[in-house]
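Peer 1: Structure for this input, please:
(2 chains)
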Amino acid sequence: QQQVKQSPQSLIVQKGGISIINCAYENTAFDYFPWYQQFPGKGPALLIAIRPDVSEKKEGRFTISFNKSAKQFSLHIMDSQPGDSATYFCAASSGRGSTLGRLYFGRGTQLTVWP
Amino acid sequence: GAVVSQHPSWVICKSGTSVKIECRSLDFQATTMFWYRQFPKKSLMLMATSNEGSKATYEQGVEKDKFLINHASLTLSTLTVTSAHPEDSSFYICSAVQGSGNTIYFGEGSWLTVV
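Peer 2: Below is the predicted model:
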């Protein structure tokens, strides 16, 4: 059972445009929602993360929007650049007990930004 | 910032031999580390949870006798693929939990090719 559902699977955006990737979860015990960026042949790099006590977090061109009641969160990349072309994974984790640090990943979104 | 280092970055071994991959947290102590496997264009698949000073917890379907995990210190976890076969060829990635589960960092990954 997929604990975190991610869409779209692939996304093509023109340079300067906004890239939006959506994720949904079921487990209300999740309390940490990171986004990772992965380039081919490299490990995932933490991009930005949010906790359920806030509805939005912005770091530079990257923004996470979080809707606790709908159990959804999304990544917005403003002014998308060709260098943003990568695979993006959303994830969720519960900081409690034996599941501390265990990440449940979405299937990933392949973002291509055309110049 | 926190860094997780994996070694080697890539390794080629013959069928039937064993290979060890190291995962180190460079500037923080990690009581818990995780090992993932990733196939091309796929999401990360959790293999096992590595706990310092105790036995690893394996996910369903992962052979614990084939994928030996040792978490001997608060900064080092190792994954040994025993009696490797070509189907074990994959990208192996570790992650480490910093602090009380606030942030999870990934290593750069290790490419294993079994010939």
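
Peer 1: what's the closest non-adjacent residue to B:V114?
Peer 2: Excluding the flanking residues, the one nearest B:V114 by Cβ to Cβ, 6 or more residues apart in numbering or on different chains is B:A84, at 4.4 Å. For every residue, glycine as well, the C-beta is placed using N, CA and C.

Peer 1: Need the pLDDT of that neighbour.
Peer 2: On the pLDDT scale, B:A84 is placed at 97.

Peer 1: With A:S98 instead?
Peer 2: A:S98 is given a pLDDT of 57.

Peer 1: who in chain A is up against chain B?
Peer 2: A:32, A:34, A:36, A:41-46, A:49, A:89, A:93, A:95, A:98, A:100-103, A:105-108, A:110 (Cβ under 8 Å from any Cβ of the partner chain).

Peer 1: again, only using 10 Å
Peer 2: A:2, A:4, A:6, A:9, A:31-32, A:34, A:36, A:38, A:40-46, A:49, A:51, A:87, A:89, A:91, A:93-96, A:98-108, A:110 (Cβ under 10 Å from any Cβ of the partner chain).

Peer 1: related to what we said a few turns ago, where's the residue nearest to B:V114 relative to B:T78, distance?
Peer 2: 15 Å (Cβ to Cβ, to the nearest Å).

Peer 1: Among the two, which residue is more densely surrounded?
Peer 2: Shown here are B:A84 and B:T78; by other Cβ atoms under 10 Å in any protein chain shown, B:A84 has more neighbours (22 against 19).

Peer 1: Can you show me the strands along chain A?
Peer 2: A:4-7, A:10-14, A:19-25, A:33-38, A:45-50, A:56-59, A:62-67, A:72-77, A:86-93, A:103-105, A:109-114 (DSSP state E).
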